[in-house]
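*Asks:* Sharing a model prediction with you, sequence too.
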Amino acid sequence: MPRQLLNLFDYELEAAERMEPAYHAYYAGGVAENLARDDSRAAFERLRLRPRVLRDVSSVSTECTVMGTRCDSPMMIAPAAMHKLAHPEGEMATARAAKRAGVIQILSTMSNSAVEEVAAVGHPLWFQLYVFRDRAISEDVVARAEAAGCQALVLTVDVPALGLRENLARAGFEGAPHLDFPNFSGPGAGGDVVHHAAHTFDPGLSWKDVDWLASKTRLPIWLKGILRGDDAAIGLEHGAKGIMVSSHGGRQLDTAIAPVDALPEVVEAVDGRCEVLVDGGVRRGTDVIKALARGARAVMLGRPPLWGLAVDGEDGVADVFEKLRFELENGMMQCGCRTLKDIGPDLVV
């Protein structure tokens, strides 16, 4: 009997059955003992909501703006490498679904579709950047993203070295030589993202490189991978326009603090000077409420869109966001919130 796809957990189970096991392991795994990955989810489960009653929720809106862009809901597609591991149309299918859902997509440097092609879909698009040892490659990538019409650059700052991806060794993941990375033309390794991370990403990245990047683009720069308030404040001093609280899906440092637990400290540190986004473990509409109550402007989803993509391509990704938006609306009604502005810190403990 076919599985009913009622929520994001159902999509995750279905994707595991449909995907090639090694490719699924690449998406699903964390690092070392997977403690950081699992705690990102558990952190949301530890938080509890304090609903208000009798607030007239006959009309509820999930609309918001992120960096001035109107979105149908406070959800975004987090950057993730190699969408074609899940579906042959890869990031193009994801982009069309993002347009249907009215959400921002953040395209990975390591995508299997070129930024120009994805941008042509005509939806709000940001570009995630890894800084290469060869700065000329990074400069070219930035110029292409800007020329394609991306609205922001997302600098990933939490990969000084690749995390202990023991799960990939156990699963026999050896990259995907049939895929390529059309956003850059660095040293070849086919679709071996692990090779690129180990040999081409710059481990010497420092705050001066944020200044360097700002000198190379007119786009606003967001820093992704911040888990401390002091780092967020330093980032703003170096010209960052937004902060993304993230543990890289629990794929970098095992036992790192869960992003939603780190969120209040970061929000306090930036003190209204920029918008703050968060990812990691978001699976329910109530998770979105909890993140917003703790100060996030919106949440980013990494794995769930990939599960939707693996199950049903563009339609699967769109359905993942529709289910989550429906759950968010339901949760808002039960918490007495007509708009996202009604979601405050008093709602969560």
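*Replies:* Everything's here; your move.
*Asks:* quick one: low-confidence ranges for the stretch 101-250 of the chain?
*Replies:* Low-confidence segments of the stretch 101-250 of the chain (pLDDT under 70): 185-191.
*Asks:* Which parts of it are helices?
*Replies:* 115-119, 135-148, 166-171, 193-199, 207-216, 229-237 (DSSP state H, counting those that start in this stretch).
*Asks:* Let me know which of those helices is tucked in deepest.
*Replies:* Comparing those by mean neighbour count (mean count of other CB atoms under 10 Å), helix 115-119 ranks first with a mean of 20. C-beta coordinates here come from the backbone N, C-alpha and C atoms, glycine included.
*Asks:* quick one: that one to chain centroid distance?
*Replies:* Averaged C-alpha coordinates place helix 115-119 at 18 Å from its chain's average position (CA atoms, centre = their mean, to the nearest Å).
*Asks:* Any idea which of the helices of the stretch 101-250 of the chain gets closest to residue 250?
*Replies:* Closest of the helices of the stretch 101-250 of the chain to residue 250 is helix 166-171, at 11.0 Å (criterion: CB to CB).
*Asks:* hmm, who's touching the closest one?
*Replies:* 21, 22, 25, 26, 28, 29, 30, 31, 32, 34, 194 (CB atoms under 8 Å, 6 or more residues apart in numbering).
*Asks:* Where does the fourth one sit: helix, strand or coil?
*Replies:* Secondary structure assignment for residue 26 (DSSP: H, G, I helix; E, B strand; the rest coil): helix.
*Asks:* show me the contacts for it.
*Replies:* 82, 85, 168, 171, 173.
*Asks:* Residue 256: which of those residues is nearest?
*Replies:* For those, the nearest to residue 256 is residue 168 (18.8 Å; CB to CB).
*Asks:* how near is the closest one to residue 126?
*Replies:* 27 Å (CB to CB, to the nearest Å).
*Asks:* same thing with residue 167?
*Replies:* 28 Å.
*Asks:* what's in contact with stretch 145-152?
*Replies:* Under the contact criterion CB under 8 Å, 6+ apart, stretch 145-152 has outside partners 67, 69, 104, 107, 115-116, 118-119, 124-127, 129, 153, 217-222, 241-242.
*Asks:* now the strands: where do they sit in the stretch 1-150 of the chain?
*Replies:* 64-66, 69-71, 75-77, 104-107, 125-129 (DSSP state E, counting those that start in this stretch).
*Asks:* how about the second one: buried residues?
*Replies:* In terms of neighbour count (16 or more other CB atoms under 10 Å), strand 69-71 has its buried residues at residue 71.
*Asks:* Stretch 32-42 too?
*Replies:* 32, 34, 35, 36, 37, 39, 40, 41.
*Asks:* quick one: average pLDDT of that stretch?
*Replies:* Confidence for stretch 32-42, expressed as mean pLDDT, is 98.
*Asks:* Put the alpha carbons of that stretch into PDB.
*Replies:* Extracted in PDB, the C-alpha atoms of stretch 32-42 (Å, rounded to 0.1, in the frame of the first residue of the first chain):
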ATOM      1  CA  ALA A  32      30.900  11.600  13.600                       C
ATOM      2  CA  GLU A  33      28.100  10.300  15.800                       C
ATOM      3  CA  ASN A  34      25.500  12.600  14.200                       C
ATOM      4  CA  LEU A  35      24.900  14.300  17.500                       C
ATOM      5  CA  ALA A  36      24.700  17.800  16.100                       C
ATOM      6  CA  ARG A  37      22.400  16.700  13.300                       C
ATOM      7  CA  ASP A  38      20.000  15.000  15.700                       C
ATOM      8  CA  ASP A  39      20.100  17.700  18.300                       C
ATOM      9  CA  SER A  40      19.000  20.300  15.800                       C
ATOM     10  CA  ARG A  41      15.700  18.500  15.600                       C
ATOM     11  CA  ALA A  42      15.600  17.600  19.300                       C
END
